[in-house]
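How does the following fold in three dimensions:
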Amino acid sequence: MRKLRRSIFLALLGFCLATIVCPAVAWSQASEKEKSFQPPNEVLYKVINFVILVGGLGYVLRKPLAEFLSSRSASIRKGLEEGRKALENSQAQLRTVEEKLARLEAEIGEFKASARREMEAESLRLQQASTEEAARILESARAQTETAVRAAKLELKQYAAQKSVAFAEDLIRARLDPSGRSRLVTQFVANLGPKSQH
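I've put the predicted structure just below:
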């Protein structure tokens with residue numbers, strides 16, 4: 001089929017060339033007088049040759065041109081389809097990203113609220129712990145103070161007793177002269193005497 005088309009095309013091309021070349025050769029061999037006159041059929045032949053040439057080219061090139069145009073339109077359709085799919089994918093990804101961003105904002109809000117609650121609870125716990133620690137320190141200070149006061153009172157009593165005894169000794173020594181001493185010893189011995197008889 002392709003060989004037949006080629007042979008038809010070559011025949012048409014040869015015919016067109018013959019119709020163009022033959023009048024041109026005849027025209028060149030004509031005299032000057034004849035050259036000034038242009039035959040009216042020559043324009044018609046040229047138009048007919050052009051129409052035949054275009055028709056032959058159209059007939060021969062019809063199938064390859066149709067195949068080229070159909071493959072080109074198919075590739076354009078394929079490109080448009082791929083572009084549409086890419087656009088749908090990008091829109092789906094955009095929706096996914098927007099949903100993630102919305103969830104992220106909600107998670108950030110929850111995290112802030114949780115952190116605030118934890119900070120408040122920690123502050124309350126620290127406040128309670130510091131109150132308890134202050135109470136323990138105060139109780140310990142009171143106990144230490146009471147112990148120190150008791151010890152000081154005891155030391156003061158001992159000191160007062162020692163001073164009283166020393167003062168009494170000094171007073172007794174000052175009041176007792178040697179005769180008073182002998183009298184005191186005598187009385188003491190006398191007091192011991194009747195008790196020992198019992």
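
Could you pull out the strands in this protein for me?
Using DSSP state E, the chain contains no strands.

and the longest helix along it, how far out from the chain's middle?
Longest helix in the chain, counting residues (DSSP state H): helix 41-175. Relative to its chain's centre, helix 41-175 lies at 7 Å (C-alpha atoms, centre = their mean, to the nearest Å).

So for that helix, mean pLDDT?
Taken as a whole, helix 41-175 carries a mean pLDDT of 86.

can you count the residues close to residue 57?
Residues within reach of residue 57, counting by other C-beta atoms under 10 Å, total 14. Glycine gets a C-beta too; all of them are placed from N, C-alpha and C.

Also residue 142?
Neighbour tally, residue 142, other C-beta under 10 Å: 10.

Roughly how far does it sit from residue 151?
Residue 142 sits 15 Å away from residue 151, going by C-beta to C-beta, to the nearest Å.

now residue 136
22 Å.

rewinding a little: the longest helix of the chain - contacts with which helices or strands?
helix 2-29 (3 or more C-beta pairs under 8 Å, 6 or more residues apart in numbering; DSSP states H and E).

burial of residue 170, as a residue count?
10.

list the contacts for it?
Not one residue lies near residue 170 by C-beta atoms under 8 Å, 6 or more residues apart in numbering.

Count residues in the vicinity of residue 158, would you?
10.

scratch that, residue 66
10.

again, but for residue 43
With other C-beta under 10 Å as criterion, residue 43 counts 10.
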